[in-house]
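Trainee: fold the following, please.
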Amino acid sequence: MTKVAVLESGSGLPSGVHGAADPKFECLVRTFASLFPSPRFGGGALSVYVDGEPAVDVWTGWADRQGETPWAEDTGAMVFSCSKGVAATVLHRLADRGELSYDAPVADYWPEFGANDKADITVRDLLRHRAGLSHMKGVSKEELLDHRLMEERMAAAPADRHFGRAAYHAFTYGWLVSGLARAITGKGMRELFRTELAQPLNTDGLHLGRPSADAPTNAAQIMFPQSTRANPLIDHLAPRLAELPVAGGLGAMYVPGITSLIQGDTPFLDSEIPSVNAVVTARAVAKMYGALANEGRVGDTQLVSAPLARDLLGKTSLRPDLNLIVPMSFHLGYHGSPVPGLLRGFGHAGLGGTIGWADPVTKSSFAFVHNRLVTPILVDQILFVPLILPLRRAVGAAHERGFRPVPEFGAPYPVDRTASAGR
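Mentor: Numbers count the residues shown, from 1 in each chain. As a prediction, this is how the structure comes out:
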């Protein structure tokens, strides 16, 4: 019996799954497909790179709430905090060119940031969530969507008592890194996602906020309950609790009416919030992390230098994050495995269990993106976990016996169209 070179739709892939995968990853692909059993669970995509080459690129399910629009090769997902790793990689590109130093004060590049005794906070502090600026402090829904206003607020705000200790900056991380990048380059982070990452990686699948109408990448609708019914008790207590100095994670994440921003046409996408609202394809994120896992190189592209790539892996820490209550081992914009031994390497996960990850030991990466937010939040957060064991086994087999790279799917970077800059 002739062995299949690669698994494809109608030839080895599970029913309803499109794309291609090396046969060693068959168990992984079947596990992935099982996460989207019906239209009410939406859809998603999975991509794996090994030694800088694509070994898996598959997608399945539905991109809309009605179950009428299939997930396609250029469907993107809003990946919540997985966005943070993409934004960090933009800064690493600047650092690689000597435009910033991790141990320099942020105020050296962004003078306004030095206000209220913040002159000594370094770039490394920002990237490690140690700036003491995680608290939202009563930000309204309308203010949340005004990224220039929020950058100015970050520059003017005083650091709180958590300065110097890891306290997850759920939203504010985005405005901190975008304000820094804007001060250095004069460009918004929406434009930098395109010019610093999408263009050199030759992919359309990396956007901050809603892709333009003529972009090949289309944002999937988020499978989140559409009810607008209020909960009087939560509406009364949550804002008051969030403003307390001891609010922790609630103070870093809560904004009144925030769930409405992921309903309907997803108003969240009409701003630049590099901590939460990237719209990406799995292959684009896996390709980016594929470079970081492989001495900075993926295919023919040297995204960052080998020395910089080697320094992106931080040390494992068991000290709990002050806002998340679990150890995150934040280092240069990425985190380690919150559960020791579950994942090796670094990357960033997001709400719902979206994730982009690099493992420099095996020179492999993977990304899992989807629009499924319909189950209890704890289940959502661990949605990627069933993929880990079959992924680990398949990558090991690929190193032992080799693998066949899959074809390149998805739209390339549009060379005939300039990236649209944010205001």
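
Trainee: could you use CA atoms for every contact and neighbour count after this?
Mentor: Noted.

Trainee: the helices in the stretch 1-150 of the chain, which residues?
Mentor: Residue ranges of the helices in the stretch 1-150 of the chain, as given by DSSP state H, counting those that start in this stretch, are 26-34, 83-96, 123-127, 141-144, 147-156.

Trainee: what's the closest of those to Leu206?
Mentor: Shortest distance between Leu206 and the helices of the stretch 1-150 of the chain, using C-alpha to C-alpha, is found for helix 83-96: 8.6 Å.

Trainee: now the strands: where do they sit in the protein?
Mentor: Counting by DSSP state E, the chain has strands at residues 7-8, 18-21, 43-50, 53-61, 75-78, 206-208, 218-219, 278-280, 297-298, 301-302, 346-350, 354-359, 364-370.

Trainee: any chance of these in JSON lines with distance to Gly290, mean neighbour count and mean pLDDT as columns?
Mentor: Putting the strands of the chain into JSON lines (distance: least, C-alpha to C-alpha, whole Å; neighbours: other C-alpha atoms under 10 Å; pLDDT from 0 to 100) gives the following:
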{"stretch": "strand 7-8", "distance to Gly290": "21", "mean neighbour count": "22", "mean pLDDT": "96"}
{"stretch": "strand 18-21", "distance to Gly290": "16", "mean neighbour count": "25", "mean pLDDT": "98"}
{"stretch": "strand 43-50", "distance to Gly290": "6", "mean neighbour count": "29", "mean pLDDT": "98"}
{"stretch": "strand 53-61", "distance to Gly290": "8", "mean neighbour count": "28", "mean pLDDT": "98"}
{"stretch": "strand 75-78", "distance to Gly290": "19", "mean neighbour count": "30", "mean pLDDT": "98"}
{"stretch": "strand 206-208", "distance to Gly290": "15", "mean neighbour count": "30", "mean pLDDT": "98"}
{"stretch": "strand 218-219", "distance to Gly290": "23", "mean neighbour count": "24", "mean pLDDT": "98"}
{"stretch": "strand 278-280", "distance to Gly290": "15", "mean neighbour count": "29", "mean pLDDT": "98"}
{"stretch": "strand 297-298", "distance to Gly290": "6", "mean neighbour count": "24", "mean pLDDT": "98"}
{"stretch": "strand 301-302", "distance to Gly290": "11", "mean neighbour count": "14", "mean pLDDT": "98"}
{"stretch": "strand 346-350", "distance to Gly290": "11", "mean neighbour count": "26", "mean pLDDT": "96"}
{"stretch": "strand 354-359", "distance to Gly290": "6", "mean neighbour count": "29", "mean pLDDT": "97"}
{"stretch": "strand 364-370", "distance to Gly290": "5", "mean neighbour count": "31", "mean pLDDT": "98"}
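
Trainee: shaky segments in the stretch 1-150 of the chain?
Mentor: Low-confidence segments of the stretch 1-150 of the chain, defined by pLDDT under 70: 1-4.

Trainee: now with 50, please.
Mentor: Across the stretch 1-150 of the chain, the stretches falling below the confidence threshold (pLDDT under 50) are 1-2.

Trainee: among the strands of the chain, which is nearest Thr69?
Mentor: Thr69 lies closest to strand 53-61 among these, at 8.8 Å (C-alpha to C-alpha).

Trainee: quick one, longest helix in the protein?
Mentor: With DSSP state H applied, the helix covering the greatest number of residues in the chain is identified as helix 385-401.

Trainee: mind listing what's buried in that one?
Mentor: Of the residues in helix 385-401, those buried by neighbour count under the rule 16 or more other C-alpha atoms under 10 Å are 387, 390-392, 394-395, 398.

Trainee: distance of Lys24 from Phe403?
Mentor: When C-alpha to C-alpha, to the nearest Å is the yardstick, Lys24 and Phe403 sit 8 Å from each other.

Trainee: now do Gly353
Mentor: Counting by C-alpha to C-alpha, the gap between Gly353 and Phe403 amounts to 27 Å.

Trainee: try Ile273
Mentor: Counting by C-alpha to C-alpha, the separation of Ile273 from Phe403 is 38 Å.

Trainee: list the contacts for the most centrally placed residue in the chain?
Mentor: Compute the mean C-alpha point of the chain, and by C-alpha atoms, centre = their mean the closest residue is Cys82, 1.9 Å away. Shown in contact with Cys82 (C-alpha atoms under 8 Å, 6 or more residues apart in numbering): 275-276, 278, 348-351, 354-356.
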